[in-house]
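**Q** Could you look at this predicted model? Sequence included:
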Amino acid sequence: MSLFNQLLINGIIAGAIYALVASGFSLIYNACKFIHFAHGAVVAFSAYIAYYFFSTLNINFGFSVLFALIFACLLGWAMNHFVYKKFRERKASNSILLIASFGLLILIESLILILFGADVKTINYIEVAKGIEIFGAIITPLQILIVVSSAVIFIGLFLFMKKTKLGKAMRAVSNNKDVAEIVGINSETIYSWSFIIGSLIAGIAGILIGLEQNLEPTMGTSLIIKGFTAAIIGGIGNVYGAIIGALLLGLAENFGIWYLPSGYKDAIAFIILFIFLLFKPKGLFGTKREGDKE
Amino acid sequence: MIEAYFIHLLILIGIYLILAISLQISMGFTGMLNLGHIAFFAIGAYTSALLTLNGFPFWFAFLSAGILAMIFGYILSLPIKKLKGDYLALATMGFSFVIYAILLNWTELTRGSLGIPGISKPSLLGFNFSSNFTFLILTFIICVICYFLIRRITHSPFGKVLESIRDDELASKTLGKNTSKAKSLSLMISAFFAGLAGSLYAHYITYIDPSSFTIMALIPVLCIVIIGGLASLRGTFIATIIIVLLPEPLRFIGFPSSIIGPMRQIIYALLLIIILLYKPKGIYGKVEIE
């Protein structure tokens, strides 16, 4: 039983991390309706910025986190403003935006490689503490922090989307851009805000991952794969669905390595992605996509 | 020295040209946003390397590389039949990640991240292509054959069916064309030539490991296809030369080799974004990506 509990807890921790990536990704998809691969690069870059300020410049941890988050927001905003906006102006198709965002992902990852080198980095803020035993499973304080802060962020995100004017405007643009514009919502402003907020969540994800795992320049690619797989499981364009999808993915991966060598962890995500694309492309909680032909 | 360098560049151009025109079949002519093409290249490279290391002759390994890639193309075509646009892109990309995970983890067969060293240079009918110059001749001959075969296929009535699928699949169906069969064939042919390119690559570099076949490796090929223009073989030829030669000056500026790799990726990624933004049809292309 203890192995089961351990895998369950590992799955929930992995799921919490994926959910942070997936919710930001899904938020941006909701507003802009295209697959923003470079979201993974925002996660990776903000983790590296936190590492740089904290471990290299020896700045107070709180300030390092603040700088990294500001940087994440700026990076997300800049990608939208200087790249995606130009594409929208010339009415580029979703597929073109997808390839462009793929280009951005590779661009930023290569930049990280040049700036920080290929060797693995760690942010040593919280020392590896002895795990606490719960029902025969080990969980470290840091992992509890990850799960708790994810939960807080999701509640915050939920309230933001439901209660604030900006959140409501975002949902309006997501539902029907043209009607939203008629009632006076500027869709470009909403796109900018969804990139800023989505990237903020990505920044938080980056820092939490950076505390828990090692930093690698290519971490963005593997995280965004998990992110969009989770988003598709949950129903793309549904932020809450993405969170549930992420938890399911985290659990599936961790229970999957019960049977398969752990190297196949990433492949499990893709097999699930395939199954959903084939049999349930709208995901568990998804609604029909705008622009779906058939 | 300088001759050896030029021969090396010409061989690379040849291998990339085969890979890029093979991607043109599925992406340019049929309009499938195929981001998993590098997996077929990988399958070809590993098949050929493993077969020759186990004593099979080069010609057999070379053809098997294409055929096995083609079989995988067929397998991939089954689940993605109904997918379009960004979902198709995700699924094909997923396929390449699964293949990558298998290459990395099936260590009994592929030696995992250690890679396969000591792949022999090809020999055909008693003639050994061990020097780079003779290898260039072999690459050139294979390249010309592939180019004209693909030209023949894409200009045939079947090629026109593929183009009709790209432009309007429903209309094509209405005219009684079996579009899902045509798409599957297109992916298979595309995979076949990518497998051949993979075989040539393995026997030229003589060492392969999974890291050469990540999604990063797709960027230059994607660049070639988009810069050359969808469904334009002539454009692909010119774009291949541009893309292979473009980052070469980096070598002479004197950057350390750890910087050159990422710099090259940055150049390709920037170029890809700029072309998509300002000249989305590429040099000779007739259509845009839908």
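**A** That came through fine. Numbering: from 1, shown residues only, chains lettered A, B, ... in the order given.

**Q** just the helices in the chain please.
**A** Unless you meant another one, I'm taking chain A. Counting by DSSP state H, residue ranges of the helices within chain A are A:2-32, A:39-51, A:61-79, A:85-89, A:94-116, A:141-163, A:165-175, A:177-182, A:187-212, A:219-234, A:239-256, A:265-279.

**Q** Correction: the question concerned chain B.
**A** Using DSSP H, helices in chain B cover B:2-23, B:37-53, B:58-80, B:85-105, B:107-110, B:132-155, B:157-167, B:169-174, B:179-205, B:218-228, B:233-245, B:249-253, B:257-278.

**Q** could you check the distance from B:Ala42 over to B:Leu218?
**A** Applying CB to CB, to the nearest Å, the value for B:Ala42 to B:Leu218 is 11 Å. Quick note: C-beta positions are derived from backbone N, CA and C, even for glycine.

**Q** Next: B:Pro122.
**A** Relative to B:Leu218, B:Pro122 is positioned 25 Å away (CB to CB).

**Q** Ok, A:Phe116 next?
**A** Counting by CB to CB, the gap from A:Phe116 to B:Leu218 is 24 Å.

**Q** B:Ala42 and B:Leu218: who's more crowded?
**A** Taking other CB atoms under 10 Å in any protein chain shown, B:Ala42 and B:Leu218 do not tie; B:Ala42 has more neighbours (29 against 23).

**Q** Now do the contacts for that one.
**A** B:96, B:99-100, B:103, B:198, B:210, B:212-213 (CB atoms under 8 Å, 6 or more residues apart in numbering or on different chains).

**Q** Spell out which parts of the stretch 51-200 of chain B neighbour chain A.
**A** B:79-80, B:83-87, B:89-91, B:94-95, B:97-98, B:101-102, B:104-105 (CB under 8 Å from any CB of the partner chain).

**Q** residues in contact with stretch A:252-266?
**A** A:7-8, A:10-11, A:14, A:222, A:225, A:268-269, A:272, B:97, B:101, B:104-105.

**Q** what do you get for stretch A:185-202?
**A** Here stretch A:185-202 has contacts from A:20-21, A:23-25, A:27-28, A:30-32, A:36, A:39, A:42-43, A:46, A:69, A:72-73, A:75-77, A:79-81, A:84-85, A:88, A:153, A:157, A:160, A:166, A:169-170, A:172-173, A:177, A:180-181, using CB under 8 Å, 6+ apart.

**Q** Can you flag the buried ones in those residues?
**A** Buried members of these, counted by 16 or more other CB atoms under 10 Å in any protein chain shown: A:20-21, A:23-25, A:27-28, A:30-32, A:36, A:39, A:42-43, A:46, A:69, A:72-73, A:75-77, A:79-80, A:84, A:88, A:153, A:157, A:169-170, A:172-173, A:177, A:180.

**Q** In terms of pLDDT, where does residue 144 sit?
**A** I went with chain A, as the question did not name one. Per-residue confidence (pLDDT) for A:Ile144: 85.

**Q** Actually, chain B is the one I wanted.
**A** Model confidence at B:Val144 (pLDDT) stands at 93.

**Q** what's the most buried one of the helices of chain B?
**A** Sort the helices of chain B by mean neighbour count, taking mean count of other CB atoms under 10 Å in any protein chain shown, and helix B:37-53 sits at the top with a mean of 27.

**Q** Given the one helix or strand in chain A whose mean pLDDT sits lowest, what are its sheet partners and their directions?
**A** Ranking every helix and strand in chain A by mean pLDDT, DSSP states H and E puts strand A:132-134 at the bottom, with a mean of 74. Under the criterion DSSP bridges, strand A:132-134 sits next to strand A:137-139 (antiparallel) in its sheet.

**Q** Report the rounded mean pLDDT for the partner strand.
**A** 77.

**Q** Quick one: residues in contact with stretch B:103-116.
**A** With contact meaning CB under 8 Å, 6+ apart, stretch B:103-116 is reached by A:261, A:263-264, B:42, B:46, B:49-50, B:53, B:102, B:202, B:207-211, B:213.

**Q** Excluding chain neighbours, give the residue nearest to A:Ile17 in space.
**A** A:Ile209 (5.9 Å; CB to CB, 6 or more residues apart in numbering or on different chains).

**Q** With B:Leu12 instead?
**A** B:Leu12 sits nearest to B:Val244 (CB to CB, 6+ apart), 5.3 Å away.

**Q** In contact with the one you found, which residues are there?
**A** B:Val244 is in contact with B:9, B:12-13, B:16, B:220, counting by CB under 8 Å, 6+ apart.

**Q** which one among the residues you listed gets closest to chain A?
**A** Within the contacts of B:Val244, the smallest distance to chain A is 10.4 Å, found for B:Pro220 (CB to the nearest CB).

**Q** ok, that closest one touching B:Ile15?
**A** No: between B:Pro220 and B:Ile15 there is no contact under CB atoms under 8 Å: 11.1 Å.

**Q** Next to chain B, which bits of the stretch 1-150 of chain A? Give me the list.
**A** Residues of the stretch 1-150 of chain A found near chain B (CB under 8 Å from any CB) are A:34-35, A:83, A:86-87, A:90, A:92-96, A:98-100, A:102-104, A:106-107, A:109-111, A:113-114, A:117-118.

**Q** just the buried members of the residues you listed?
**A** Using 16+ other CB under 10 Å, the buried ones in the residues of the stretch 1-150 of chain A next to chain B are A:34-35, A:83, A:87, A:92-96, A:98-100, A:102-104, A:106-107, A:109-111, A:113-114.

**Q** pLDDT score assigned to the residue nearest to B:Leu12?
**A** 90.

**Q** what about it, distance to A:Ile106?
**A** 18 Å.

**Q** Please verify my assumption that the residue nearest to A:Ile17 contacts A:Ala14.
**A** No: shown here, A:Ile209 and A:Ala14 do not form a contact pair, counting by CB under 8 Å, at 10.5 Å.

**Q** Adding pLDDT, write the contacts of B:Ala42 out as a markdown table.
**A** Output for these, formatted as a markdown table (pLDDT from 0 to 100):
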| residue | pLDDT |
| --- | --- |
| B:Ser96 | 88 |
| B:Ile99 | 89 |
| B:Tyr100 | 88 |
| B:Leu103 | 89 |
| B:Gly198 | 93 |
| B:Pro210 | 89 |
| B:Ser212 | 86 |
| B:Phe213 | 89 |
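
**Q** State the distance from B:Met27 to B:Leu246.
**A** 21 Å.

**Q** same check, this time on A:Ala16
**A** 43 Å.

**Q** Of these two, which one has the most company?
**A** Using other CB under 10 Å, the more surrounded residue of A:Ala16 and B:Leu246 is A:Ala16, with 24 against 15.

**Q** which stretches of chain A have low pLDDT?
**A** The model of chain A has pLDDT under 70 over residues A:1, A:126-130, A:286-294.

**Q** let's see 50
**A** A:290-294 (pLDDT under 50).

**Q** Could you find the closest non-adjacent residue to B:Ile43?
**A** Closest to B:Ile43 by CB to CB, 6+ apart is B:Ala69, at 4.7 Å.

**Q** my guess is the one you found meets B:Phe40, correct?
**A** Yes: judged on CB under 8 Å, B:Ala69 makes contact with B:Phe40 at a distance of 4.3 Å.
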